[in-house]
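J.: 3D model of this:
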Amino acid sequence: MEASHRIVGRWELWDSKKMGRGRVRAGEAAPGMRLRPRIPLLASFALFGLVIARPGVTIPATAQTRPEGSTTATQGPSGLFIENEPQLPDGYPRRHYEYQFRARGNVATLHWRVEKGALPPGMKLEDDGLLRGEPQHPGEFQFTVSVMEGSRKESAVERGFVLRVIAALAINWKALAHVNGNRIEGSVAVTNTSPDDMDLTFIVMAVAGNGRATAIGYQHFLLRRGTTEMELPFGETLPRGGYVVHVDAVGEVEAKNLIYRERMQTPGALQVNVGP
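T.: Residues are numbered from 1 along each chain as shown. Below is the predicted model of the structure:
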């Protein structure tokens, strides 16, 4: 063959006319032939998603990986199996919540109960598997639920669940209420994590030692869902005296007849020493 290329390394030589191949080392190739790197057999199979195992090693046809931290379900001797996913739908404080647990099995009567952990205060699990109530405060609650066929305790199976109760309306100090000359001022961050827009009324009162209350902040507007840390400033000039600052936020979703309310106050009285 008349040489046309210099070859270095381990290659496969393909003849485009004869459709044949051969192996060459540092050598030469003829016109009409092309070269490509030689791919080991195992790598070739890997490219097509195949796996070669050593003799005596069994590789399953399919494999499922389970996310870290997931909760597994057990299956009873009769095939009873809890179908619900470990992460339950989120709930909101003082908002009605209902969720139905389900099990697969060939029995008409199933009995459900909480085996470990605790439900959010204000909620209960009915014998028929209905979780319902109004959670009282936010938090993440982990608990284990069991189900059994009739009175056969040996048939019982269980599974762990997580229920998050999210503060639909949350308020926090952005700038803690403080005295500035003859004024008390500050700001509050408000958050709406509920799935609804809410009609928000925001009131800040400075309450004197004699019980007299003076409004030092007020806003009324539509707080859009997904709003986080919106700053609401407040402030007003006040006579001399000590004042405890009270913040009150009320969110209403009229279409669903829902009302959310959050309150907070300064830990002690703020003293205004300037003024009449």
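
J.: okay, the nearest residue to H178 once chain neighbours are set aside: pLDDT?
T.: Nearest residue to H178, sequence neighbours excluded (CB to CB, 6 or more residues apart in numbering): G186, at 6.0 Å. All C-beta spots, glycine's among them, are computed from the backbone N, C-alpha and C. On the pLDDT scale, G186 is placed at 98.

J.: number of residues surrounding G186?
T.: 23 (other CB atoms under 10 Å).

J.: which strand residues bridge it?
T.: With DSSP bridges as the criterion, G186 is bridged to F234.

J.: ditto for Y97
T.: G133.

J.: I'd say it and L125 touch.
T.: No: here Y97 does not reach L125: they are 11.7 Å apart, not a contact under CB atoms under 8 Å.

J.: who touches both of those two?
T.: L131 (CB atoms under 8 Å, 6 or more residues apart in numbering).

J.: what is the end-to-end distance of stretch 255-274?
T.: 47 Å (CA to CA, to the nearest Å).

J.: and the gap between E236 and R113?
T.: Distance of E236 to R113, computed by CB to CB, to the nearest Å: 55 Å.

J.: er, E83 I mean
T.: Taking CB to CB as the measure, E83 falls 17 Å from R113.

J.: neighbour count: the two, which is higher?
T.: R113 (15 against 10).

J.: flag every buried residue along the helix or strand harbouring the more buried one.
T.: R113 belongs to strand 110-117 when assigned by DSSP states H and E. For strand 110-117, the neighbour count (16 or more other CB atoms under 10 Å) marks L110, H111, W112, V114 as buried.

J.: what does stretch 136-148 give?
T.: P138, F141, F143, V145, S146, V147, M148.

J.: closest to G226 out of those?
T.: P138 (16.9 Å; CB to CB).

J.: what's the pLDDT at the closest one?
T.: If you check P138, the pLDDT there is 89.

J.: cool, and the one 4 residues further on?
T.: In this prediction, Q142 carries a pLDDT score of 97.
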